[in-house]
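>>> Sequence and predicted structure below; questions after.
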Amino acid sequence: MRNYPVPDGPVWHVHDDGVNAPMDHQRVISQLNVGLGKLYYYDKAIALEPLPETMIDEGQTSPTPDLVLYDPVTELMPIIIEVCHTRGQNNDLKKVIRLIEDDDYGIQEGFVYNYRTNEWLRYRKGDGGVASASSISELVGLDLAQFLNL
């Protein structure tokens, strides 16, 4: 029988990666996921599957938007949604624009929702770096704000 050394200190180590996901942030993601999920899984009313916190490219380390709408036929994510508070809004909008314009992920439409101000911003491929104040997705023909009852 072999004797293994007993570690000094805790056996389990927790790594805090600084994730900033307050309950209000998670609540918005949950409500969008449930509303869109009902339309996809049960009503079969939309062709895009909502997936929270999903890597854009499973083959390599890639950005992970708060919610993506995934097309299982093309295996692309044509819509991404970022949820933020006021201090993070500009960074999230820059991230959405960069992912749509600079990267080849097939994203056509992105949204940033500020849960503190209840403000939606939409950016579509080719919008020239300028977002519009809108929660309406032209790709799925829905007003995303309808799923939030905060």
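Received it, and whenever you're ready, just let me know what you need. Residues are numbered from 1 along each chain as shown.

>>> give me the element the closest residue to residue 129 other than its chain neighbours is part of.
Once flanking residues are discounted, residue 129 sits nearest to residue 97: 5.9 Å by CB to CB, 6 or more residues apart in numbering. C-beta: built from backbone N, CA, C; applies to glycine. According to DSSP states H and E, residue 97 maps onto helix 89-101.

>>> Please name the residues that touch the residue nearest to residue 74 when sequence neighbours are not counted.
Excluding its sequence neighbours, the residue lying closest to residue 74 (CB to CB, 6+ apart) is residue 106, at 7.3 Å. Residues counted as contacts of residue 106 (CB atoms under 8 Å, 6 or more residues apart in numbering) are 74, 76, 77, 78.

>>> With adjacent residues omitted, what lies nearest to the last one?
Once its chain neighbours are removed from consideration, residue 78 has its nearest residue in residue 108; the separation is 4.5 Å (CB to CB, 6+ apart).

>>> okay, now the one you found: neighbour count?
Close neighbours of residue 108, defined as other CB atoms under 10 Å, add up to 18.

>>> List the buried residues in the host helix or strand of residue 29.
Element membership for residue 29, per DSSP H and E: helix 23-37. Across helix 23-37, burial judged by 16 or more other CB atoms under 10 Å covers 25, 28, 29, 32, 33, 35, 36, 37.

>>> Repeat that for stretch 119-126.
In stretch 119-126, counting by 16+ other CB under 10 Å, buried: 120, 121, 122, 123, 124.
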